[in-house]
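quick one: sequence plus predicted model below, questions after.
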Amino acid sequence: MRPLVYLASCSIVASLVAATVACGEPPLFGPPTESVCPTPSTLTYDNFGRPFMEAYCTRCHSSQLTGAARMGAPSFHDFDSVFGIRAVSEHIDETTAIGPAASNRSMPPGGDRPSDAERQMLGEWIACGMP
Ligand code: HEC
């Protein structure tokens, strides 16, 4: 009888886990988008990266903000400089960008959200090394 009991409790646990996964929040990180840098690419920090971050990200992710003003945005994820962006660009790709391998839309968590076209441009700009 023992193996049967074990099997039964296992499947209850398994279905509980499945339910939690199915009903929970979407994950913060998606897969890398595998975006590619087109040649030529016209996107730069000045004409794309800065205005994108200012429109959608720096009201939480900024080195100027501390404590509650960050609204939960983790430290060392500050996008008010190109250096701050480059330091965690893989995380940005995996939360915010769209490319051939993934469509990641978990950031920003609310408010003004970028269009899918803007998310594709973000993936490209990151793939180009964020000039
Ligand atoms: C309203 C505030 C807010 C805005 C706006 C916002 N974020 Fe976030 N961000 C958060 C919070 C809160 C977390 C932590 C989420 C968690 O741990 O579940 C987070 C986490 C992240 C992370 C993961 C950090 C890590 O490694 O744990 C990245 C990357 C990120 N945000 C990028 C962005 C980008 C890019 C934008 C703009 C497109 C953006 N966020 C806009 C609040 C914000």
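Okay, I see it.

tell me which parts of the protein are close to the ligand?
Taking CB under 6 Å from any ligand atom, the part of the chain that reaches the ligand is made up of 28, 56-57, 59-61, 71-74, 77, 88, 91-92, 95-96, 107-111. In short, each C-beta sits where N, CA and C put it, glycine included.

can you tell me which of these end up in helices?
If you go by DSSP state H, the residues of the chain next to the ligand have 56, 91-92, 95-96 in helices.

put the buried members of those residues into a PyMOL selection.
If you want just the buried ones from those in PyMOL, going by 16 or more other CB atoms under 10 Å, the selection is:
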select buried, resi 56+92+95+96
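
check the ones in helices among the residues of the chain next to the ligand and tell me the two furthest apart.
The span of those, defined through CB to CB, is set by Tyr56 and His91 at 15.0 Å.

which ones are touching the spatially most central residue of the chain?
Residue closest to the mean C-alpha point of the chain, counted by CA atoms, centre = their mean, is Thr95 at 1.0 Å. Counting by CB atoms under 8 Å, 6 or more residues apart in numbering, Thr95 makes contact with 28-30, 104, 106-107.
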